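Student: coords please:
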Amino acid sequence: MTDGRGMWERRKAGKCERGLWELREVLCSRISELEALLRTETESDQGPAPADAQMLAVQAFKELEEARSALRHDHPRRLPSAHLAVAQTHFDVAHSLMLRLSPLSKVSAMMPGFVAYIREHLPVSDERRVQVEQIALSVRAGSSFDDAQREVLVDAMGVARQAHLREGLRVRSFARIVYGLAAVLTVIAALVGVFGVVSPETVPICFKPAGIGIVCPTASDSSEQSKGAGADVDDLYATVASPWDYPVVEFIGLVAAAVAAAASLRRIRGTSTPYNVPVALALLKLPTGALTAVLGLLLMRGEFVPGLQSLDSSAQIIAWAVIFGYAQQLFTRFVDNQAQTVLNSVGGPNATPNKQARDPQIPAAS
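Tutor: Below you'll find the model as predicted:
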């Protein structure tokens, strides 16, 4: 009984951590590190800490425990990525409290890392960033680091962390939108395929080239009746159209879109966030390719493109389905560009150019 329960717990934990286990363990290790640093600051041999410092330390330990609780994935309805965001928020608060507890000498020693983080997430025009850069210059020049400057630094770090969180939430929102749109298009493509199977004669994907007869994706008729000019074309289409026409065309378009999706991933650099945007983009292309293959052939049948309305074999129809399925890239390319813009907005080495600035260790030109 105990072994069965333990196996169930391990399966549940593995299901929650799948795909995010590395990020979870990184954050767990950082929580342990910060907890050790807090204990070092609060359990020193220099006598009891002041009452306000003790209150800050108690609250910091509470925030770390909240962060650990958020990482346990004990709620099946919450997404693992949401657990990470909540835990990171509690960790950031605990880190800010530790900065207020630490001696000024230790805080000033960590100044380069703070400046780098602030530069990643705050724009050049932000007054807090400007003041932190000025403080970094003065500390590097040998000036003393006081409590007022520490408050400026802690405030700037808090705002930078909030900006980092908003950047991640924008990525999550974009990924959810793409996933939702892909689901809607998948349902539409499935309904179109079912409609083509149930009633293939209603909107047939067929052509009537001169002197050949009726040509459909999976069937054709070259009898004299189908070649005749006086026969009703819709009736001829209805007799030749097959229930497999729509499914075959959609499948061909889906395969072509899959090839286009694989080729388009070369422009996506990926992201360290727990939201898999490239997969969402690939899933969006598949139903789009199936639909563009059908719609493209219907436009050709309606003589929307002069000179391309008389395909004379099933092979030509399949070939054009491949082209139209791959052509979905013309529409989803804008989504790809927006995805790369959203990913670039997350601070880091590949951040957008508007987050770059001068080195705070180099004085500005007068």
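Student: quick one: the helices in the chain?
Tutor: 2-17, 21-42, 51-70, 80-101, 104-109, 111-121, 127-140, 147-198, 224-227, 233-240, 245-264, 277-301, 314-326, 329-344 (DSSP state H).
Student: quick one: which of the ones you listed is nearest residue 211?
Tutor: Between residue 211 and these, the tightest spacing by Cβ to Cβ is seen for helix 224-227, at 6.4 Å. Where you see a C-beta, it was placed from the backbone N, CA and C, and this is true even at glycine.
Student: re earlier: could I get the helices of the chain as CSV with mean neighbour count and distance to residue 211?
Tutor: Listed next are those as CSV, based on neighbours: other Cβ atoms under 10 Å; distance: least, Cβ to Cβ, whole Å:
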stretch, mean neighbour count, distance to residue 211
helix 2-17, 11, 62
helix 21-42, 15, 65
helix 51-70, 17, 72
helix 80-101, 20, 61
helix 104-109, 15, 87
helix 111-121, 18, 68
helix 127-140, 18, 75
helix 147-198, 17, 28
helix 224-227, 14, 6
helix 233-240, 17, 14
helix 245-264, 21, 22
helix 277-301, 23, 18
helix 314-326, 20, 15
helix 329-344, 16, 34
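Student: got TSV for those, with mean pLDDT and distance to residue 205 too?
Tutor: Listed next are the helices of the chain as TSV, based on pLDDT from 0 to 100; distance: least, Cβ to Cβ, whole Å:
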stretch	mean pLDDT	distance to residue 205
helix 2-17	43	43
helix 21-42	83	47
helix 51-70	84	53
helix 80-101	84	42
helix 104-109	88	70
helix 111-121	89	52
helix 127-140	91	59
helix 147-198	90	8
helix 224-227	57	16
helix 233-240	72	9
helix 245-264	90	5
helix 277-301	89	5
helix 314-326	90	7
helix 329-344	81	20
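Student: got TSV for those helices, with distance to residue 214 too?
Tutor: Below are the helices of the chain laid out as TSV (distance: least, Cβ to Cβ, whole Å):
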stretch	distance to residue 214
helix 2-17	53
helix 21-42	57
helix 51-70	64
helix 80-101	53
helix 104-109	81
helix 111-121	63
helix 127-140	70
helix 147-198	17
helix 224-227	5
helix 233-240	4
helix 245-264	12
helix 277-301	12
helix 314-326	11
helix 329-344	31
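Student: hang on, residue 145 packs against residue 107?
Tutor: Yes - using Cβ atoms under 8 Å, residue 145 is in contact with residue 107, at 6.9 Å.
Student: find the centremost residue of the chain, please.
Tutor: residue 277 (2.6 Å; Cα atoms, centre = their mean).
Student: so how far is residue 177 from that one?
Tutor: 11 Å (Cβ to Cβ, to the nearest Å).
Student: nearest residue to residue 186 other than its sequence neighbours?
Tutor: residue 287 (4.4 Å; Cβ to Cβ, 6 or more residues apart in numbering).
Student: so who does residue 294 touch?
Tutor: 192, 205, 246, 249-250, 253 (Cβ atoms under 8 Å, 6 or more residues apart in numbering).
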